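S.K.: everything below, folded, please.
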Amino acid sequence: MLSGAQVFVVVPALDESKRLGAVLEGMPASVDHVIVVDDGSRDDTADVARRFGDPRVQVLSHTSRRG
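M.R.: You can find the predicted model right below:
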């Protein structure tokens, strides 16, 4: 890997509150940053991501679907 390089993973999510925890749990230690993009979910997808407790996880929320 390149010296100083970081690994980012973007997780698009729409109404995935039930499965999101398992996805985040499966992130390998080699991943430096995880960005969950909540695409206007009607469930608590964004809250699940925020409460996950991993400092690598950041949440971006759209108020409506953007695809």
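S.K.: the top helix by length along the chain: which residues count as buried?
M.R.: Identified as the longest helix of the chain according to DSSP state H is helix 17-25. When burial is assessed from 16 or more other CB atoms under 10 Å, helix 17-25 yields the following buried residues: 17, 20, 23-24. Quick note: C-beta positions are derived from backbone N, CA and C, even for glycine.
S.K.: for stretch 53-64, same thing?
M.R.: Neighbour counts over stretch 53-64 (16+ other CB under 10 Å) mark 56-57, 59, 61 as buried.
S.K.: quick one: low-confidence parts of the protein?
M.R.: 1 (pLDDT under 70).
S.K.: and the strands in it?
M.R.: Per DSSP state E, the chain carries strands over the ranges 8-13, 33-39, 57-62.
S.K.: sheet partners, orientation included, of the second one?
M.R.: In the sheet containing strand 33-39, its partner strands are strand 8-13 (parallel), strand 57-62 (parallel), by DSSP bridges.
S.K.: reformat those strands as CSV; add distance to D44.
M.R.: CSV is the format used below for the strands paired with strand 33-39 (distance: least, CB to CB, whole Å):
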stretch, distance to D44
strand 8-13, 11
strand 57-62, 11
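S.K.: and the strands of the chain as JSON lines, adding distance to R50?
M.R.: JSON lines is the format used below for those (distance: least, CB to CB, whole Å):
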{"stretch": "strand 8-13", "distance to R50": "12"}
{"stretch": "strand 33-39", "distance to R50": "9"}
{"stretch": "strand 57-62", "distance to R50": "5"}
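S.K.: and the closest residue to R65 other than its chain neighbours, how many neighbours?
M.R.: Nearest residue to R65, sequence neighbours excluded (CB to CB, 6 or more residues apart in numbering): G40, at 4.2 Å. G40 has 15 neighbours, counted by other CB atoms under 10 Å.
S.K.: is it correct that G40 is in contact with L60?
M.R.: No - with contact defined as CB atoms under 8 Å, G40 does not count as touching L60 (11.5 Å).
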